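S.K.: Next come a sequence and a model predicted from it.
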Amino acid sequence: MDRVTFATSAGALWLVLALHFSAGLVAIGAGSAALAAAKGGRVHRLSGQAFTWAMVLLGVSAMGIGLYERNAGQVVAGFVAAYLVYSAMTTVRPQAGLGRRGDFVLMLLVFASGVMMLYGGAREWLDPALPVVGRPRVVPPLIGGIVFLVAAMGDWRAHRAGGLRGTDRLARHLWRMCFGFDVPPLLSSTTIWSPIPIDKEIGREEAIYRRADHWLPA
């Protein structure tokens, strides 16, 4: 299926795409402000909250678009972004509405996702005939699965301890914020992962080259 664009979408799909784009702009601005501000100060807290909720909206909308496009990589990337950034915020600012039960359910979901990704990577490794489109074989699901399992183990540790303190809390907050912002684009981008364009892109490039060859002098 073709990528969703503003030119080719309408109605609810166009609105989801607009929310996704707007959330990305807010996340960039708020994230930059949080990095520049004094840590622990009012500006850092407010910009950090804005960044977190913008990234959650970005991730959830990316999952919806990925489901529509049947792009599993984008669905996973959207979930990674929303989960890691949200859990980074709740490390230093727990949400009273969800509580420990919500965190425990989220931990189980992340653990199951990690196991499924590792299983998928192992299948690609053991079965060379298994089709894989838009990315290299084996490596992306293995990396994603390892990140998810590490995160789930960290969630279990925090759950058992009743919350983290000191440097442990700061380390959890920082690595999840950084991974949540940087890793999802790598997981979802076929341009980065695949050195060979998909068939439709090859056809478009050939058409462009034919036109250029027709226009240019011999």
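M.R.: Ah, there it is.

S.K.: can you tell me how far residue 62 sits from residue 90?
M.R.: Distance from residue 62 to residue 90, counting by C-beta to C-beta, to the nearest Å: 20 Å. All C-beta atoms are positioned from the backbone trio N, CA, C, and that covers glycine.

S.K.: When the two are compared, which one has more neighbours?
M.R.: Taking neighbours as other C-beta atoms under 10 Å, residue 62 and residue 90 compare with residue 62 leading, 26 against 20.

S.K.: secondary structure element for the more buried one?
M.R.: helix 42-69 (DSSP states H and E).

S.K.: Any stretches of this structure with poor pLDDT?
M.R.: Using pLDDT under 70 as the threshold, the predicted model of the chain has low-confidence ranges 1-2, 96-99, 133-135, 183-218.

S.K.: give me that answer again for 80
M.R.: By pLDDT under 80, the weakly predicted segments of the chain are 1-9, 71-74, 94-102, 132-137, 162-164, 180-218.

S.K.: what about the helices in it?
M.R.: Secondary structure of the chain, counting by DSSP state H: helices at 11-36, 42-69, 72-92, 99-126, 139-161, 166-188, 190-193, 199-215.

S.K.: Highest mean neighbour count out of these?
M.R.: helix 72-92 (a mean of 23; mean count of other C-beta atoms under 10 Å).

S.K.: and it, what does it pack onto?
M.R.: Packed against helix 72-92, as judged by 3 or more C-beta pairs under 8 Å, 6 or more residues apart in numbering; DSSP states H and E, are the following elements: helix 42-69, helix 99-126, helix 139-161, helix 166-188.

S.K.: could I get these as CSV with distance to residue 21?
M.R.: Written out in CSV, the entries for those read as follows (distance: least, C-beta to C-beta, whole Å):
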stretch, distance to residue 21
helix 42-69, 9
helix 99-126, 26
helix 139-161, 24
helix 166-188, 14
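
S.K.: Of those, which is nearest residue 13?
M.R.: Smallest distance to residue 13 across those (C-beta to C-beta): 6.7 Å, for helix 42-69.

S.K.: list the helices and strands that closest one packs on?
M.R.: Secondary structure elements in contact with helix 42-69, counted by 3+ C-beta pairs under 8 Å, 6+ apart, are helix 11-36, helix 72-92, helix 166-188.

S.K.: In TSV, list these along with distance to residue 127.
M.R.: Converted to TSV, these look like this (distance: least, C-beta to C-beta, whole Å):
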stretch	distance to residue 127
helix 11-36	34
helix 72-92	17
helix 166-188	22
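
S.K.: And the ones you listed: which comes nearest residue 132?
M.R.: Residue 132 lies closest, by C-beta to C-beta, to one member of these: helix 72-92, at 10.3 Å.

S.K.: quick one: the closest one to helix 42-69, angle?
M.R.: In terms of direction (axes from the mean of the first three to the mean of the last three C-alpha atoms, to 10 degrees), helix 72-92 departs from helix 42-69 by 160 degrees.
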